[in-house]
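**Q** A predicted structure for the sequence below; I have some questions about it.
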Amino acid sequence: MSSKLSRALGLDQVRPTAAEVDSPMPGDALISRPDAVMDRAFTLRASPEDVWPWLVQLGKGRAGWYMTHRVERVVPRSRRASRIVDQRWQHLVVGSVIPDYGGRDETFTVAEIDPPHTLVHTSRRGRTDVTWAIAVAPLDPGSARVRLRLRMGPVRRKWLVAVAGEAIDLVTISWLAGGLRERVGPG
């Protein structure tokens, strides 16, 4: 993919550092031997406390999945993500179930939550266990680093996850990062 297209899609803005990839994340122990691990990270010009409400309300039938205004223009209005923090989606606890876009009946369950820094979701897709961890850390005053890690195992078709799954995750998280930048401030 050309670097111009990569920049236009925001794909270059969600690359984790080598240290971030190598360091443990909350929820890693929930799948001890994953067949697939996808790491993403980005910086926002907002405090963890300002970023957190946007992350807590993610999900199908909730605030949606944030995308930039430019991308959302081609999405039907009824499917666009929220542009406000909605109090009805701010009350997650361990065990909360969140609908997901992975299929009509797919869900995530909150396995760990430590506001405003850690949110770990779990799911089971067929015979595959999935964890999706989000960690928010303060940087300098007024900035936060958001790290995301998706872990899956066992995976039957590892090559498919390595190619298609990786590409879908990269685009999805790139759009999420761009959508959050528009909502909480430039990043």
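**A** Thanks, I have the structure now. Numbering: from 1, shown residues only.
**Q** residues in contact with the closest residue to L58 other than its chain neighbours?
**A** In space, and not counting its chain neighbours, L58 is closest to W65: 6.5 Å by C-beta to C-beta, 6 or more residues apart in numbering. Every C-beta, even on glycine, is put in place using the N, C-alpha and C of the backbone. Applying C-beta atoms under 8 Å, 6 or more residues apart in numbering to W65 gives the contacts L58, G59, A81, Y101, T172, W175, L176, G179.
**Q** quick one: those residues as a markdown table, columns for neighbour count too.
**A** Output for those, formatted as a markdown table (neighbours: other C-beta atoms under 10 Å):
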| residue | neighbour count |
| --- | --- |
| L58 | 24 |
| G59 | 20 |
| A81 | 20 |
| Y101 | 12 |
| T172 | 17 |
| W175 | 22 |
| L176 | 24 |
| G179 | 22 |
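**Q** strands along this structure, start to end?
**A** Per DSSP state E, the chain carries strands over the ranges 36-44, 97-99, 107-114, 118-125, 128-138, 144-153.
**Q** lowest average pLDDT across those strands?
**A** Ranked by mean pLDDT, the strands of the chain end with strand 97-99 at the bottom, a mean of 93.
**Q** hmm, who's touching that one?
**A** By C-beta under 8 Å, 6+ apart, strand 97-99 touches L58, G59, K60, G61, R62, L92, E106, T107, F108, T109, V110, H121.
**Q** which positions in it come out as buried?
**A** In terms of neighbour count (16 or more other C-beta atoms under 10 Å), strand 97-99 has its buried residues at I98.
**Q** same deal with stretch 40-53?
**A** Neighbour-count burial for stretch 40-53 flags 40-48, 50-53 (criterion: 16+ other C-beta under 10 Å).
**Q** and which of the residues you listed is nearest to V71?
**A** The closest of these to V71 turns out to be F42 (C-beta to C-beta; 15.9 Å).
**Q** returning to that earlier point: tell me the least confident of the contacts of W65?
**A** Ranking the contacts of W65 by pLDDT, Y101 lands last with 79.
**Q** which one among the contacts of strand 97-99 gets closest to K158?
**A** Nearest member of the contacts of strand 97-99 to K158, counting by C-beta to C-beta, is E106, at 20.7 Å.
**Q** so what's that closest one closest to, chain neighbours aside?
**A** Closest to E106 by C-beta to C-beta, 6+ apart is D100, at 4.4 Å.
**Q** from A144, how far off is the one you found?
**A** The gap separating D100 from A144 is 24 Å, by C-beta to C-beta, to the nearest Å.
**Q** who has more neighbours, these two?
**A** A144 (25 against 20; other C-beta atoms under 10 Å).
**Q** what are the bridge partners for T109, then?
**A** V97, T122 (DSSP bridges).
**Q** that one is in contact with S123, isn't it?
**A** Yes. With contact defined as C-beta atoms under 8 Å, T109 reaches S123; the gap is 6.9 Å.
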